[in-house]
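Undergrad: Sequence and predicted model, in that order:
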Amino acid sequence: MTAPKLRKRLANGEKIFAAWMSAAYPRMAEALGRAGFDAVILDLQHGEASFGEARDAISAAHLVGTPTGVRVGLDGFGEAARLYDVGAELAILPMINSVEDARKLVDTLKYPPVGGRSWGGTRAISLFGSDVESYRRSANDEMIALAMIETRQAADILEDILDVPGLDGVFVGPSDLSISLSKGARLDHQLPEAVEVITRLLAAAKARNKLTAIFCGNGEAAARNAELGFDIMGIGSDWAFLTSGAQAALKAARGSVGPAGPNY
């Protein structure tokens, strides 16, 4: 059992480097936690996992003390609340394109008086080693709700979205943002207009003491974004880690003979 820890670490100024998980294999979350990532984020929007597989992945990550987040599917407000109920600490809602969307996010994921989240987090209470009253009192502060900024519509009103009471912060989807800003012409994380939006977003979020997160294709991109000022970097994905590790092993096997080692 591990108590919620992401909020406390972020409050202490730590950067969170989270593995991005798309596989429908719960033990992958445990493996990524053991690899040393600060958190595992399960992608239910473009990944392969069902709710049950995500639930079991969250439990597997808890075995090694690794916090979990989720990115849910389109209009996945209720899905995010259910995943909070089974132990996720962070939820990312895609395609939040209006103040109304952001308010619905808060209303679904925060308990009264901040929102209207329905009670039922018994699995989370068990995983966090908490009791009913402690969880109820702390959930609004400890569970992190992020709105994705990934379209021109959202970029145009990002300050208004950030001003929604109860919203903890924003998550940048750089691929979709560049596609939207270029009117479908380019997928380019360095698109000047996208870079301008990201710079504006970081300043606006910092001024409002809101969290910022972003998807990063690899560790180098994560390091750059951390230096820019982002708080949470989703890195990956798991399939990329698996593929690169397999390719490296095969390259070594087919390459020149290295130093003598065990005979097996």
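TA: Thanks, I have the structure now.
Undergrad: Could I get the full set of helices for the chain?
TA: If DSSP state H is used as the criterion, the helices of the chain fall at 6-11, 27-34, 51-63, 77-85, 99-109, 122-127, 132-142, 152-156, 158-162, 174-181, 192-207, 219-228, 238-254.
Undergrad: which residues touch the closest residue to R103 other than its chain neighbours?
TA: The shortest distance from R103 to any residue other than its chain neighbours is 5.7 Å, reached at V164 (Cβ to Cβ, 6 or more residues apart in numbering). Quick note: C-beta positions are derived from backbone N, CA and C, even for glycine. Applying Cβ atoms under 8 Å, 6 or more residues apart in numbering, we find V164 in contact with V99, A102, R103, V106.
Undergrad: now D238
TA: A19, W20, M21, S22, A23, M28, L32.
Undergrad: do L167 as well
TA: With Cβ under 8 Å, 6+ apart, L167 has these contacts: A102, L105, V106, A145, L146, A147, I161, K210.
Undergrad: just those residues now: which is nearest G219?
TA: L146 (21.4 Å; Cβ to Cβ).
Undergrad: got a list of what that closest one touches?
TA: Per Cβ under 8 Å, 6+ apart, neighbours of L146: L90, A91, I92, L93, L167, D168, G169, V170, F171, L211, A213.
Undergrad: 6 Å instead?
TA: Residues counted as contacts of L146 (Cβ atoms under 6 Å, 6 or more residues apart in numbering) are I92, G169, V170, F171, A213.
Undergrad: Give me the nearest residue to it, chain neighbours excluded.
TA: Closest to L146 by Cβ to Cβ, 6+ apart is F171, at 4.4 Å.
Undergrad: burial count for that neighbour?
TA: Neighbour count for F171, taken as other Cβ atoms under 10 Å: 26.
Undergrad: That one and H62: what is the separation?
TA: 22 Å (Cβ to Cβ, to the nearest Å).
Undergrad: Likewise for L44?
TA: 18 Å.
Undergrad: So what's the residue count around P192?
TA: 10.
Undergrad: which ones are touching it?
TA: The contact partners of P192, by Cβ under 6 Å, 6+ apart, come to none.
Undergrad: one more time with 10 Å
TA: Contacts for P192 (Cβ atoms under 10 Å, 6 or more residues apart in numbering) come out as S178, L181.
Undergrad: Same check on L228?
TA: L228 touches V195, I198, T199, L202, T212, I214, counting by Cβ under 10 Å, 6+ apart.
Undergrad: okay, now the residue nearest to Y84 when sequence neighbours are not counted: neighbour count?
TA: Computed as Cβ to Cβ, 6+ apart, the closest residue to Y84 that is not its neighbour in sequence is M143, at 5.6 Å. M143: 25 surrounding residues under other Cβ under 10 Å.
Undergrad: Touching, M143 and V70? I think so.
TA: No - between M143 and V70 there is no contact under Cβ atoms under 10 Å: 11.1 Å.
Undergrad: and for the two, which residues touch both?
TA: Counting by Cβ under 10 Å, 6+ apart, the contacts common to M143 and V70 are A80, Y84, A88, E89, L90, A91.
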